[in-house]
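Student: one predicted model, sequence on top.
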Amino acid sequence: MQDLRGKTALVTGVANKRSIAFAVAERLAQYGVSLAVAYQPADEDRDEKVRKIIGEISPDLVLPLDVTLPGSLDAAFATLKERWGRLDIVVHAIASAKREELGGRTSDVSLEGYVLAQRVSAYSLIELARAARPLMGDGGSLITLTYIGSERATHNYNVMGSAKAALEANVRYLAMELGPERIRVNAISAGPIRTLSASGIKNFLDLLHNAEEKSALKRNVTQEEVANAAAFLASSLSSGITGQTLFVDAGYNIWG
Ligand code: NAP
């Protein structure tokens, strides 16, 4: 995609090669985007593995980023500012909730677990937008990842359903606010895909089979299909689109 050549992008949320963020970063790199790829730091061994995986895409920068850690986002953006002085694209592919609160009962969700899911999965988009804005003087594109459990009661999604609903609302409010600065904000609602996050959802295979059976295309989607949609939303091919949730789910959402 000629249009993306020479653009700069921060892609967050790479845990391993199955991560949606990894596929997005790979696709953007193929289109000539200069990349900063962020991962959540853990222990030395895991960090080394993740950095090695990310290294395969040859990004300009590999950044540790834990949105719950004070100063982590500021440090990442200070590095971006120093390296590029500008930013065109941000991909927010970050989510987290306690496993027991995904699989338990919504009426049993603790305040702590609720706040954690909202903090990491929804509020972090606002923080990223705030940090990115000063670097997006030429306009920009913010893209996040959501799931249909935001609008439909979905088995074993519970606390994350509320977080994704908040995330999608944040997309609309940020889009209105940043639109005059030519910064577009959109979400991709992906169908279920086997990733590390997905493995935290009880009976995830049932979710996959159900989506396959009920989707218009009678199959599940891949990370690469989500990455293609992200490239579209990052590029000027989508210049008239903001504040939207774009479904990449093989047509599951139109069912019933
Ligand atoms: P993933 O590979 O596990 O990616 C989620 C990422 O979020 C991981 O890199 C994780 O790091 C990171 N993260 C969690 N807490 C963080 C924090 N405090 N600070 C910074 N990063 C943090 O799974 P994925 O499926 O690709 O998820 C990417 C996005 O797609 C998520 O928003 C997810 O809800 C969404 N999505 C996924 C599906 C699906 O079926 N897979 C469907 C629709 C939407 P750690 O691994 O270190 O915790």
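Tutor: Looks like it arrived, so ask away.
Student: center of this structure, which residue is that?
Tutor: A93 (2.1 Å; C-alpha atoms, centre = their mean).
Student: isn't it right up against R18?
Tutor: No: A93 is beyond contact range of R18, at 12.0 Å (criterion: C-beta atoms under 8 Å). Just so you know, the C-beta spots here come from the backbone N, C-alpha and C atoms, and that holds for glycine as well.
Student: flag the shaky bits of the stretch 51-200 of the chain, pLDDT-wise.
Tutor: The model of the stretch 51-200 of the chain has no residue with pLDDT under 70.
Student: show me where the stretch 101-250 of the chain has its strands.
Tutor: For the stretch 101-250 of the chain, the strands defined by DSSP state E, counting those that start in this stretch occupy 140-146, 183-190, 245-248.
Student: among those, which is the most enclosed?
Tutor: Comparing the strands of the stretch 101-250 of the chain by mean neighbour count (mean count of other C-beta atoms under 10 Å), strand 140-146 ranks first with a mean of 27.
Student: I'd like to know which elements that strand is packed against.
Tutor: Here strand 140-146 touches strand 89-92, helix 124-132, helix 158-178, strand 183-190, helix 223-234, going by 3 or more C-beta pairs under 8 Å, 6 or more residues apart in numbering; DSSP states H and E.
Student: what does that strand contact?
Tutor: The contact list for strand 140-146 (C-beta atoms under 8 Å, 6 or more residues apart in numbering) reads 13, 20, 87-93, 95, 125, 128-129, 132, 164, 167-168, 171, 174, 178, 182-190, 226, 230, 233-235, 238, 245.
Student: okay, the angle between that strand and helix 124-132?
Tutor: Direction vectors for strand 140-146 and helix 124-132, defined by axes from the mean of the first three to the mean of the last three C-alpha atoms, to 10 degrees, enclose an angle of 170 degrees.
Student: then strand 140-146 to CSV, C-alphas only?
Tutor: Extracted C-alpha coordinates of strand 140-146, given in CSV (Å, rounded to 0.1, in the frame of the first residue of the first chain):
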residue,chain,number,x,y,z
GLY,A,140,-3.3,10.3,12.4
SER,A,141,-5.1,7.0,12.9
LEU,A,142,-5.8,5.3,16.2
ILE,A,143,-7.0,1.7,16.0
THR,A,144,-8.2,-0.6,18.8
LEU,A,145,-9.4,-4.1,19.0
THR,A,146,-12.8,-5.1,20.4
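Student: strands paired with it, and their directions?
Tutor: strand 89-92 (parallel), strand 183-190 (parallel) (DSSP bridges).
Student: with distance to the ligand added, can I get the ones you listed in a markdown table?
Tutor: Shown next, in a markdown table, are the strands paired with strand 140-146 (distance: least, C-beta to the nearest ligand atom, whole Å):
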| stretch | distance to the ligand |
| --- | --- |
| strand 89-92 | 7 |
| strand 183-190 | 4 |
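Student: which one of the helices and strands packed on strand 140-146 is the most hemmed in?
Tutor: Mean neighbour counts for these (mean count of other C-beta under 10 Å) peak at strand 89-92, with a mean of 28.
Student: which residues touch that strand?
Tutor: 7-13, 21, 24-25, 28, 33, 124-125, 128-129, 132, 140-145, 230, 234.
Student: next, the contact list for the residue lying closest to the residue nearest to the centre of the chain once chain neighbours are set aside, please.
Tutor: Sequence neighbours aside, G13 is the residue nearest to A93 in space, at 3.3 Å (criterion: C-beta to C-beta, 6 or more residues apart in numbering). By C-beta under 8 Å, 6+ apart, the residues touching G13 are S19, I20, A21, A38, Y39, Q40, V91, H92, A93, I94, A95, L145.
Student: what does G191 give?
Tutor: Contacts of G191 by C-beta under 8 Å, 6+ apart are A211, S215, N220, V221, V248, D249, A250, Y252.
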